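Q: Got a predicted model here, sequence first, then my questions.
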Amino acid sequence: MNTEEGETRGTSYISLDEFNISKEWGFVLPNPLSDLPKMYQPWMDIANNLTHLIEHHQLRCEVNNMQLLSTDFLSGYKQLRLAHLALSFITMGYVWQEGEHNIAKVLPKSLAVPYCEVSKILGLPPILVHADCVLTNWKKKDANGTMELRNLDIIFKLPGGNSTKGFFLVTLEVELAAVQGIKAISIATEAILRHDDDSIKNALHDMAESIRKMNQSLKKMDEHVDPDTFYGIIRLFLSGWKDNPAFPEGLLYEGVWDKPRFFSGGSAAQSSTLQSFDEFLRIRHEEKNAEFLYRMRDYMPPSHKAFLQAITSGPSVREHIMLNRNLALRELYNDCIAALVDLRNYHITVVTRYITITAAKAKAEKAKQNSSALLLQKAPAALAERGTGGSGIMCLLKSVRDATKKVMIDNIW
Ligand code: HEM
């Protein structure tokens, strides 16, 4: 669709509260719970001991012996989110415990039934999503301390040690850096309706700042996540059963559906942050990429998905700038685009380091007879060219970056 044509000039103010988005935490779940009522102890015992159980090949046995628990005694949103997180981690461990050559293709009833019930209530799919492993999987070490990485820990762990922890927590920091930009969306949409250019200016300034902060946080991946561990271990446990050549038949959720189902794996492509900025700035992606990004919205909490829709139907800052030929606003808008292009460029560098280069290294190691790189020996081959969300990686990322560049407003007046 042409950027300016066919857009609705929305008239409603976008309130963050309405979409369960916090002014302090953005899409991150504020102060998540780390324990469930006592009757769910069997889930918690397994989830709290996951790495050990997976590494000792005992998780499937534990889950097969687990009793079927009713979900009726989970109360409140935070308990449900913690239950989804715990059951998601257990599911990923169960499916991938033995690597990609001995995949569990049936999820037993005692896990599948409560997992699908909780998922249905939350409007999330029954697979590990970004909203679980990043937005809900965090706690402070010192409750009175700050939200800095050194004072944070994850609630549930998967194999991969400090790199897995670093991967989730650095991504959490990127989400937190986006909060200022998300607030700016709400402020700017209201300001456009009031023709308050000073407030729009401040909001665009805040948004560019926020995107630059996200980039600074993303740069911490290098220090906290080892590429071999990411490629050899973490990716496996985030992998899904849609668009995954190792998993052509899908996963059977016993006691829930008669036929196997396909769901994409956990990926930060399921984050609502960048999609919010894209919608607000009216960035239009190529059809195939837009389809992928749209599909990722089904892996977001429904209220966050609805927020994206509200931004699309809200007033267009780009249209406002073009109609009013406001030079200062144009510069600030272009600054947001430039910051987003920089962020997407850096993200491509990260993906090159963690996937492309490491995939080549893994291929070489697998060909050697006496390789000492054990992690890479075990790396899943099926996803070598794909992201955990199942996408064809570089084409997608470069084209999404190029579509971002395209909306820069030229000096046409
Ligand atoms: C080691 C770190 C990371 C790696 C290896 C990585 C890898 C990928 C891959 C392979 C994709 C393609 C989609 C898929 O199939 O999953 C993707 C997309 C995406 N990733 Fe990451 N990612 C990393 C960190 C992050 C972080 C911290 C964020 C920020 C929240 C992020 C945000 C996104 C977004 C928004 C997309 C969709 C494409 C776009 O809008 O530009 N990624 N990532």
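A: It's in. Residues are numbered from 1 along each chain as shown.
Q: In this structure Ala379 contacts Gly232, no?
A: Yes - counting by CB atoms under 8 Å, Ala379 does reach Gly232; the two are 4.4 Å apart. For glycine as for every other residue, the C-beta is placed from the backbone atoms N, C-alpha and C.
Q: overlap in contacts of those two?
A: Ala362 (CB atoms under 8 Å, 6 or more residues apart in numbering).
Q: and Gly266, that's in a helix?
A: No - the assignment for Gly266, made by DSSP: H, G, I helix; E, B strand; the rest coil, is coil rather than a helix.
Q: Now that it has come up, it's in contact with His130, right?
A: Yes - checked against CB under 8 Å, the pair Gly266 and His130 is within contact range at 5.9 Å.
Q: tally of neighbours for Ala379?
A: Ala379: 25 surrounding residues under other CB atoms under 10 Å.
Q: cool, and Ala86?
A: Neighbours of Ala86 (other CB under 10 Å): 26.
Q: And the longest helix anywhere in the chain, what's buried?
A: Longest among the helix segments of the chain by residue count, using DSSP state H, is helix 327-351. Neighbour-count burial for helix 327-351, counted by 16 or more other CB atoms under 10 Å, picks out 329-330, 332-348, 350-351.
Q: show me which of those neighbour the ligand.
A: Arg344, His347, Val350, Val351 (CB under 6 Å from any ligand atom).
Q: My understanding was that the first one contacts Arg401; is that so?
A: Yes - shown here, Arg344 and Arg401 form a contact pair, counting by CB under 8 Å, at 4.0 Å.
Q: Summarise which helices and strands the helix or strand encompassing Leu375 is packed against.
A: Taking DSSP states H and E as the definition, Leu375 sits inside helix 374-377. Here helix 374-377 touches helix 227-229, helix 357-367, going by 3 or more CB pairs under 8 Å, 6 or more residues apart in numbering; DSSP states H and E.
Q: I'd like those as a markdown table, with mean pLDDT, mean neighbour count and distance to Asn244 appended.
A: A markdown table is the format used below for those (pLDDT from 0 to 100; neighbours: other CB atoms under 10 Å; distance: least, CB to CB, whole Å):
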| stretch | mean pLDDT | mean neighbour count | distance to Asn244 |
| --- | --- | --- | --- |
| helix 227-229 | 97 | 20 | 21 |
| helix 357-367 | 86 | 15 | 15 |
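Q: JSON lines please, covering the ones you listed and showing distance to Ala306.
A: As requested, the helices and strands packed on helix 374-377 are exported to JSON lines (distance: least, CB to CB, whole Å):
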{"stretch": "helix 227-229", "distance to Ala306": "36"}
{"stretch": "helix 357-367", "distance to Ala306": "37"}
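Q: Any chance of the ones you listed in TSV with distance to the ligand as columns?
A: Output for these, formatted as TSV (distance: least, CB to the nearest ligand atom, whole Å):
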stretch	distance to the ligand
helix 227-229	8
helix 357-367	9
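Q: For Lys165, find the nearest of the ones you listed.
A: helix 227-229 (10.9 Å; CB to CB).
Q: any idea how far the residue nearest the centre of the chain lies from the ligand?
A: Nearest to the geometric centre of the chain sits Ala268, at 2.9 Å (CA atoms, centre = their mean). If you measure Ala268 against the ligand using CB to the nearest ligand atom, to the nearest Å, the figure is 3 Å.
Q: my read: that residue touches Val134, true?
A: Yes - at 7.2 Å, Ala268 counts as touching Val134 under the criterion of CB under 8 Å.
Q: Mutual contacts of those two, please.
A: Thr171.
Q: for stretch 305-321, how far is the first residue from the last?
A: Using CA to CA, to the nearest Å, the end-to-end distance of stretch 305-321 comes to 26 Å.
Q: Any buried residues in it, and which?
A: 305, 307-308, 310-312, 314-318, 320-321.
Q: So which bits of the chain are right by the ligand?
A: Residues of the chain lying near the ligand (CB under 6 Å from any ligand atom): 171, 174, 218, 221, 225, 230, 267-269, 271, 273-274, 344, 347, 350-351, 354-355, 387-391, 393, 396-397, 400.
Q: Show me where the stretch 101-250 of the chain has its strands.
A: Assigned by DSSP state E, counting those that start in this stretch, the stretch 101-250 of the chain shows strands spanning 106-107, 139-140, 152-153.
Q: for the first one, the distance to its chain's centre please.
A: Going back to what we said before, that points to strand 106-107. 24 Å (CA atoms, centre = their mean, to the nearest Å).
Q: The second one now?
A: Using CA atoms, centre = their mean, the mean C-alpha position of strand 139-140 is found 19 Å from that of the whole chain.
Q: Any chance you could list what contacts it?
A: By CB under 8 Å, 6+ apart, strand 139-140 touches Pro32, Ser34, Met147, Asn151, Leu152, Asp153, Ile154, Ile155.
Q: Quick one: buried ones out of those residues?
A: Counted by 16+ other CB under 10 Å, the contacts of strand 139-140 give Pro32, Ser34, Leu152, Asp153, Ile154, Ile155 as buried.
Q: Same list (those residues) but as CSV, adding distance to Gln41 and pLDDT.
A: As requested, those are exported to CSV (distance: CB to CB, whole Å; pLDDT from 0 to 100):
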residue, distance to Gln41, pLDDT
Pro32, 18, 98
Ser34, 13, 98
Leu152, 25, 98
Asp153, 21, 98
Ile154, 20, 98
Ile155, 15, 98
